[in-house]
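> What follows is a protein structure lacking sequence information:
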C-alpha cells in the first residue's frame, strides 16, 4: 500500500468512527498520523495547513515525548540578542548570545539596546542564588491534632523522606521538606536540586515515593500529589518569596555618559521611572512582579530554547531596582527573578530548533559539574531581561516608547 493509499484508508476509518483521531498513532507512524489529521481538518474547516506541515523535527520523537494528537509544527520568528557580557564569577561564559523567539516587533531591538548599554558598562554580574524545584502534595488528616503530629514527623524525618525520594532518580536531591497546616489539610512542600533538568517530572516522581512513606508512617492520607502550594504555572506569593527553579539576580553599573549615549536619557529619569512605575505602580496594582516587562524576554527565551512556556508565569516574579550613585555619575540597576524554571536536558530541549538555540548559548545538554549549564542559561536569560528593563525604562524616560513601536512594531 502506498503512503497516499494508507492516508486515504485511515482518513475514511476516522470519518466512519472506526479509529479515533487521537488513536491514529496506534495504527501508523507519527508522520502519517499527522498527515491524516491535517487532511481531516482541511476538509472540515477549509484551512490550508501546508505551512503547519513544514516542520523540521523528528515526528516520532515529538509524538513520543512532546505532543499528543500531533498536527505539525508552529513557527515563530527567532532573533538574537548580544553579545551579552558577564563577569567570570558565575556559571555563564563571559560573552555569549541569546536567541529569542517572538512575534512582538521591537522586543529584540529593545533587549539588544539594553545589552549594548550593559556592554558599554563593562558587563553585568549574574548569579544563581538558589536552585529548588518544588512539588507540594496535600494530605487529609482527621483534625488539627493529627496535622500537628504529621508536621512534626516531617520535620524530624527529612533524611528518610530524602532517601525515599532520591531512590527514584540518579540526579535529583531533596533539599527541603516543609509542612504547612490548614485545618485538616497538611501540605508538604518538597524542594529538589534537579541539576541541568528543569525537573518538574523528576520532582513529581520523587515526591510520589515520599508521599507513600508519609502515608505509611503518619495518619495522613494523600489527596493530591500537587496541592498548588508548589506552585506550578500560576501566580503565587510563595514562589516570589521562597523561589522555585532558579532564583537569579543580575546587576550592572552604567556611567552617566553611557546612559545618555545608549539609552538617550539620564540616570535620574530612569530611577524615577522605575520607582513610580515598577515599584509604586506595581504595589498599587497588587502585582507579584515589580518590573517593567521581564516576562517578555523570559517568554521569548523559553520559546527559543525549549523550556516549558507556561512557566513564564513564575518567570514574571521579578523585581527591578535602580539607584543613582556617585553623586549622579553612575546608574546602578538590578533584576532579580525569584522563580526561573529552566533546563538544558529533557523536554523541549531535545527538539532540533531548540537544541540549536541552546548551542548558540553554549549550554546544550548536561553541564560539568551537573547543573552548570542550567545555571548558565538562567544567568544569561536574567541578564538579557535586565537589558530589556533598562531599554524600556530608557524609552519611557525619554518619551520615545510610542515612536519605537510605530517604527518597529508594525
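Nice, thanks for sending it over. Nothing here was measured: the structure is a model prediction, and the numbers come from that model.
> What ranges does the stretch 251-400 of the chain have for its strands?
Taking DSSP state E, counting those that start in this stretch, the strands of the stretch 251-400 of the chain run over residues 318-325, 330-340.
> okay, the ones you listed in JSON lines with mean neighbour count next?
To be clear about C-beta, it is placed using only N, CA and C from the backbone, and glycine gets the same treatment. Shown next, in JSON lines, are the strands of the stretch 251-400 of the chain (neighbours: other CB atoms under 10 Å):
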{"stretch": "strand 318-325", "mean neighbour count": "20"}
{"stretch": "strand 330-340", "mean neighbour count": "25"}
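> For residue 89, find the nearest of the ones you listed.
Of all the strands of the stretch 251-400 of the chain, the one in closest proximity to residue 89, counting by CB to CB, is strand 330-340 (15.5 Å).
> Each with direction, which strands does that closest one pair with?
strand 245-255 (antiparallel), strand 318-325 (antiparallel) (DSSP bridges).
> between the longest helix along the chain and strand 330-340, what angle do the directions make?
Assignment by DSSP state H gives helix 372-397 as the longest helix of the chain. Angle, helix 372-397 to strand 330-340, by axes from the mean of the first three to the mean of the last three CA atoms, to 10 degrees: 130 degrees.
> Quick check: the gap between residue 230 and residue 3.
Residue 230 is 45 Å from residue 3, where distance means CB to CB, to the nearest Å.
> When these two are compared, which one has more neighbours?
Here residue 230 and residue 3 are set side by side on neighbour count (other CB atoms under 10 Å), and the busier one is residue 230, at 27 against 12.
> residues touching residue 224, list them.
Listed by CB atoms under 8 Å, 6 or more residues apart in numbering, the contact set of residue 224 reads 137-138.
> Residue 251 versus the spatially closest residue to residue 337 that is not a sequence neighbour, what's the distance?
Sequence neighbours aside, residue 318 is the residue nearest to residue 337 in space, at 4.4 Å (criterion: CB to CB, 6 or more residues apart in numbering). Look at residue 318 and residue 251: by CB to CB, they are 13 Å apart.
> what sits in contact with each of those two?
Contacts common to residue 318 and residue 251, judged by CB under 8 Å, 6+ apart, are residue 335.
> ok, back up a step: would you list the strands of the stretch 251-400 of the chain in JSON lines and tack on distance to residue 72 and mean pLDDT?
Formatted as JSON lines, the strands of the stretch 251-400 of the chain follow (distance: least, CB to CB, whole Å; pLDDT from 0 to 100):
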{"stretch": "strand 318-325", "distance to residue 72": "34", "mean pLDDT": "98"}
{"stretch": "strand 330-340", "distance to residue 72": "30", "mean pLDDT": "98"}
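> any idea of the pLDDT on residue 404?
At residue 404, the model reports a pLDDT of 49.
> can you check residue 54 too?
At residue 54, pLDDT is 94.
> How about residue 16?
Reported pLDDT for residue 16: 89.
> okay, now it: neighbour count?
8.
> how close does it sit to residue 10?
Applying CB to CB to residue 16 and residue 10 gives a distance of 11 Å.
> all helices for the stretch 51-200 of the chain, in order.
59-65, 107-120, 144-156, 158-166, 200-217 (DSSP state H, counting those that start in this stretch).
> Contacts for the last one, please.
The reference is to helix 200-217. For helix 200-217, contacts defined as CB under 8 Å, 6+ apart pick out 133-135, 137, 139, 150, 153-154, 157, 160-161, 164-169, 171-172, 174, 177, 188, 190, 192, 194, 220-222, 225-226, 232, 308, 341, 346.
> Could you rerun that using 6 Å?
Applying CB atoms under 6 Å, 6 or more residues apart in numbering, the contact partners of helix 200-217 are 133, 135, 137, 161, 164-165, 168-169, 172, 190, 192, 194, 220, 222.
> for stretch 119-131, same thing?
85-87, 90, 118, 193, 243, 246-254, 258, 262, 375, 378-379, 382-383.
> Is there a quick ChimeraX command that grabs whichever of those are buried?
In ChimeraX syntax, the buried subset of these is picked out as below (16 or more other CB atoms under 10 Å):
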select :85,86,90,118,193,243,246,247,248,249,250,251,252,253,254,258,262,375,378,379,382,383
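> how far away is residue 98 from residue 124?
Taking CB to CB, one finds residue 98 at 13 Å from residue 124.
> and what of residue 257?
Note on residue 257: its distance to residue 124, by CB to CB, is 18 Å.
> Which among the contacts of helix 200-217 count as buried?
133, 135, 137, 161, 164-165, 168-169, 172, 190, 192, 194, 220.
> Could you check the pLDDT of the nearest residue to residue 354 once chain neighbours are set aside?
Leaving aside its sequence neighbours, residue 354 sits nearest to residue 306 (CB to CB, 6+ apart; 3.1 Å). Per-residue pLDDT puts residue 306 at 97.
> just use 783 as the starting number from now, easier for me
Sounds good: first residue 783 from here, last item residue 1088.
> what's the helix or strand harbouring residue 820 in contact with?
Residue 820 belongs to helix 812-827 when assigned by DSSP states H and E. With contact meaning CB under 6 Å, 6+ apart, helix 812-827 is reached by 789, 792-793, 806-807, 831, 835, 841-842, 845, 852-854.
> Using JSON lines, lay out those residues together with distance to residue 982 and neighbour count.
JSON lines is the format used below for these (distance: CB to CB, whole Å; neighbours: other CB atoms under 10 Å):
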{"residue": "789", "distance to residue 982": "36", "neighbour count": "18"}
{"residue": "792", "distance to residue 982": "34", "neighbour count": "22"}
{"residue": "793", "distance to residue 982": "36", "neighbour count": "18"}
{"residue": "806", "distance to residue 982": "28", "neighbour count": "25"}
{"residue": "807", "distance to residue 982": "24", "neighbour count": "18"}
{"residue": "831", "distance to residue 982": "31", "neighbour count": "17"}
{"residue": "835", "distance to residue 982": "30", "neighbour count": "15"}
{"residue": "841", "distance to residue 982": "24", "neighbour count": "20"}
{"residue": "842", "distance to residue 982": "23", "neighbour count": "13"}
{"residue": "845", "distance to residue 982": "20", "neighbour count": "19"}
{"residue": "852", "distance to residue 982": "22", "neighbour count": "21"}
{"residue": "853", "distance to residue 982": "25", "neighbour count": "17"}
{"residue": "854", "distance to residue 982": "26", "neighbour count": "20"}
